[in-house]
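Enquirer: Mind folding the following:
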Amino acid sequence: MIKRHTPPALFFLLSASALAHASDEPQTTTLAPVDVHARAPQGYRADASQLGGAGAGVVSPHDLPASVTVMTREQIDNRQPRSLSELVRSDASIGDNYAPVGYYQDVAIRGFPLDLATGFRFNGGMMSAEQPLALEDKQRVEVLKGLGGIESGVVAPGGLINYVSKRPEDVARATLGTDSHGSRYAALDVGGWLTRTFGVRINAAQDNTHSYIEHANGRRSFLSVAADWKIDDNTTLQLDSDYQHSGQRSASGYQLLGGTVIPSDPSRTRLLGYQPWQQPVGIAASNTSLRLDHRFTDDWSAQLSATHSRTKIDDNVAFAYGCFYTQACASGATPGYFFAPNGDYDIYDFRSPDDTRVNDEVKGVVHGSFDTGSIRHDLTAGISVFRRTMDQRAYVYDYVGSANIDENEPPVYAPSPNQPGDSVRRLTSWQRSVFASDRLHMGDAWQLVAGARFVRLHELAYDDQGAPERDTQLTKVLPQAALLWTPVAPLTTYLSYTKGLSLGAEAPYWTSNGGATLAPIVSRQVEVGAKYAVSHALDLQAAIYRIDQPYQYAQPDSTAEGFTFIQRGNEVHTGIELSAAGRVTDNLQLTASINAMRARAQDTGTPAFEGHQVVNVPRVRTAVYANYRLPFVQGLSVLGGWRYASTNTATPDGVARVPAYHVFDAGLVYDMQLAGHAVTWRLNVDNVFNHFYWRDTGSSGGDRYLFPGMPRLARLSVSYDF
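Expert: Below you'll find the model as predicted:
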């Protein structure tokens, strides 16, 4: 919101009136205050981020010695994404990593999958990311690319994604939508300031999805509340809370035929393993954050925040996996954890109800500025306590029959008669951290940033009977250092070094040490970057980075299983990112990015796994989305998008690769007035030419899957401000 006092024109009229009625006696007239509110369009350029500042609060991405991109509300509205996979298409550094339709999804940044426990944030606090994405109440989505150790402690090296809620403002908007499959969508966004110091905003949505995958229609209900209380001139309390419940059958991914061959004629619309008794995956999720901001002086302030995130998953899948029970794999020549060479696969009745994940975090931060001689210091220091728990029941995972990928409908089999066991605590994890960062301003052009996070991790894991099976304890210091040079005001260049810490991966069940969790691993990143503000509306970014961590993989050996899951050698990702975001001309807005990356395994002791690109990391990825307002038709804008990914490796030895692809999107936005109310129509067509492509060759639990991209889909919505 932009708040202004008496505007110049009104001030002039009041002054003229006062002069006209002047007398010899001085007169004083007290007028009521006048507030004029106007909404400042954000466009495709963002000027604020909660990420990248080592807990320093909201800062400008231009001032950060890290690669941060922000997806604004206008981008989200115009593109109409309905899932995390669809949202991240606008950034070339992000790709899917096991993102099935009908299930919670994960992504990879700079080739490293995010940790669903610690890699996603809700208003700066850690959230449980095992939930479908809800965007109705989000003002922006922030992405930190690369190591976030000083930001988050124990976290995977890819980066962080932060969902930032809308704040109270005077708004009353209803949206209705549908798509080319007949889906129905309705959303409501209502807010306002009830008093001068207390404001509320409510968002609600109901989504009935007719999926492009057969038998996979879904539903979703969402409600959120945001409240701001300005306690006094120096103190503000913010509350955000949401609840979402969804249900949809989960779509299994394809697997390599015989472990080496990409399926030649796959279907994008077939639900592999479909059984009529398969229930939808039900997910109930809630996220709540509370933040108190207090300003002591102009130079010193503090924040105290608490975040609670809970997800309960009723997992039900007729799961298409492997070929252990098929005739085609009976000889043992084909590993049973792939589809058979002829396309046969097994179907499992998988049921895991009441799978509950809870994240709780409390954090206190102090910010201050002071001088020591000629050097100005911007200091941030804080403490945080984070707890994650996981409760699960002993699941059912029973073979029920087999099918083939070319069958339109698989044979119908009886479900397993077995039932899940009782719920037990499977994980309790504590992270206790102390962190500090100091930005030293050395003259007008140079800045030095130095900081560290001291992390103490204690994690207890239990088996499905509740008996302890792992006790992980460690203490680590995670440093960050950066040098910034600003030769001219619009340009910032930086050189940074960061160290991170993440949990070791769990060995796949088909290895000799299946189920074992490897030791935590340390990652390191060096990055050189530049950020240039072409104008107040357009930003350019460039970064060259190198990230390395120990390589975790199933090493072929002479054990009975044939593999042992180990950490050996290094996985090194070296790349360059270029991006632009904002308004190019009065009529043209865009976001454009390219990421070129060399991802290699080195010194692994297994020559076949070296010398080629790492699985599910294309060498080149691009993304362009543009919005052009037609000068000759008032209110009408044309949207266009282009996505490209180069050949993508599907096996550690590089034998199997999926082809490169180009995908084009298009759309229209039309703004009009109806009886004095704003109305916006939006039409989006994804994959205009209906091109087939493999969007994901990622892994889950050590197994590798192939997911086709979405066929052509049109979405239409209308928003009415009442």
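
Enquirer: which phi and psi does residue 224 have?
Expert: Torsion angles at residue 224 (phi, psi; degrees, to the nearest 10) stand at phi -140, psi 150.

Enquirer: give me the low-pLDDT residue ranges for the stretch 101-250 of the chain?
Expert: Residue ranges of the stretch 101-250 of the chain with pLDDT under 70: none are present.

Enquirer: Show me the helices in it, by range?
Expert: Under the criterion DSSP state H, counting those that start in this stretch, helices of the stretch 101-250 of the chain are mapped to 149-152.

Enquirer: By mean pLDDT, which helix or strand of this protein comes out lowest?
Expert: Across the helices and strands of the chain, mean pLDDT, DSSP states H and E gives its lowest value to helix 8-20, namely a mean of 35.

Enquirer: what residues are up against residue 714?
Expert: With contact taken as Cβ atoms under 8 Å, 6 or more residues apart in numbering, residue 714 is in contact with 179-180, 683-686. Just so you know, the C-beta spots here come from the backbone N, C-alpha and C atoms, and that holds for glycine as well.

Enquirer: Need the mean per-residue confidence for the helix or strand encompassing residue 349.
Expert: Using DSSP states H and E, residue 349 maps to strand 344-372. Per-region confidence: strand 344-372 scores 97 on mean pLDDT.

Enquirer: partners of it in the sheet?
Expert: The strands that strand 344-372 pairs with in its sheet are strand 300-321 (antiparallel), strand 375-393 (antiparallel), strand 396-404 (antiparallel) (by DSSP bridges).

Enquirer: Break down the stretch 401-550 of the chain into its strands, ranges please.
Expert: In the stretch 401-550 of the chain, the strands defined using DSSP state E, counting those that start in this stretch lie at 423-442, 446-462, 468-485, 491-502, 521-535, 538-556.

Enquirer: Please identify the pairing partners of the last one and their relative orientation?
Expert: Looking back up the chat, that one is strand 538-556. Using DSSP bridges, strand 538-556 pairs in its sheet with strand 521-535 (antiparallel), strand 563-583 (antiparallel).

Enquirer: how about residue 275, what does it touch?
Expert: Per Cβ under 8 Å, 6+ apart, neighbours of residue 275: 318, 347, 349, 400, 410, 412-413, 415.

Enquirer: Hmm, residue 276 and residue 318 touching each other?
Expert: No: applying Cβ atoms under 8 Å, one finds residue 318 not in contact with residue 276, separated by 9.2 Å.

Enquirer: and residue 274, how far is that from residue 318?
Expert: Remark: distance between residue 274 and residue 318 (Cβ to Cβ, to the nearest Å) = 6 Å.

Enquirer: The two - which one has more neighbours?
Expert: Remark: of residue 274 and residue 318, residue 318 carries more neighbours, 27 against 23, as counted by other Cβ atoms under 10 Å.

Enquirer: which residues does the more buried one form a beta bridge with?
Expert: residue 349.

Enquirer: so what's it up against?
Expert: 252, 273-275, 277-278, 347-350, 400.

Enquirer: cool, residue 422 as well?
Expert: Contacts of residue 422 by Cβ under 8 Å, 6+ apart are 393-394.
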